[in-house]
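**Q** Quick one: sequence and predicted model below, then my questions.
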Amino acid sequence: MNKLNVLYEDNHIIVVEKKPNILSQGDITRDLDLLTMVKSYIKEKYNKPGNVYIGLVHRLDRPVGGIMVFARTSKAAKRLNEQIKNHEFKKSYLAVLDKVLNKDSGELVNYLYKDEKTKTSMIVDENYPNSKLSKLTYEVVGYFDDKTIVKINLITGRHHQIRLQFKNIGYPLYGDQLYGIKNKEQIRLFAYKLSFNHPITNERLEFKLLPRWKELENETVIHRL
């Protein structure tokens, strides 16, 4: 089993790194998933008998890496879910776009529809049935060859939102095998910063972790993050 990178833990929550291509939770493939890894870690570390409760409060797409928080109690799960609903739960991403973007910052606003059969999403008109408003803001932090490095603040958290919204303006994510230009590279999308109120103490917590990308070797870029 893959070694778990734990960034923080107490009796109420545990914050860990999800490695790229690891599922957030189990699916029909029965491949290794992070939820099971966290349960096994807690069970072994604290020698807990029987089933271990771990609450999944948010997800990352399978190919995407980054920071995730899991609840260790149902009360913590409920309060974290309330923060997500009230937009108090903040997620920031790093992405590499497949072209040079000649704009320092911006906001993307679209309506997305998720096709449950194909497990893909598409940008649609706001009147399209079951469409959902999708918003994000972004800021360019640097360039690498003919690519653009951006940091992204999610205002909404829709299925494949970042990947679709940047493709829609003509800048697909580098390595995106589903919506971008197909190559053998891992998708350059990483949830590098997570902030929320502790579900019990209400203390504001912030966690940051940078991906191990060659595009981030420039010290100027790292300083901007």
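**A** Here it is on my side, so go on.
**Q** What strands line up against the longest strand along the chain, and which way round?
**A** If you go by DSSP state E, the chain has its longest strand at strand 132-144. With DSSP bridges as the test, strand 132-144 is paired with strand 105-115 (antiparallel), strand 147-154 (antiparallel).
**Q** Quick one: closest of the ones you listed to V15.
**A** strand 147-154 (17.5 Å; C-beta to C-beta). From N, CA and C alone the C-beta is placed, and that goes for glycine too.
**Q** Wait, a helix at L210?
**A** No. Judged by DSSP: H, G, I helix; E, B strand; the rest coil, L210 forms no part of a helix; its state is coil.
**Q** Dihedrals phi and psi, it?
**A** phi -90, psi 140 (degrees, to the nearest 10).
**Q** correct me, but it touches L94?
**A** Yes. With contact defined as C-beta atoms under 8 Å, L210 reaches L94; the gap is 7.4 Å.
**Q** And the two? Which one has more around it.
**A** L94 (24 against 13; other C-beta atoms under 10 Å).
**Q** secondary structure class for the residue sitting furthest away from the middle of the chain?
**A** In the chain, P49 marks the outermost C-alpha relative to the chain mean, sitting 31.6 Å out by C-alpha atoms, centre = their mean. At P49 the chain is in coil, as set by three-state DSSP.
**Q** got it, and A77?
**A** Per three-state DSSP, A77 ends up helix.
**Q** who's the closest residue in space to it that isn't next to it in sequence bridged to?
**A** Counting by C-beta to C-beta, 6 or more residues apart in numbering, G55 is the residue found nearest to A77 once chain neighbours are left out, at 3.1 Å. For G55, the beta-bridge partners under DSSP bridges are A71.
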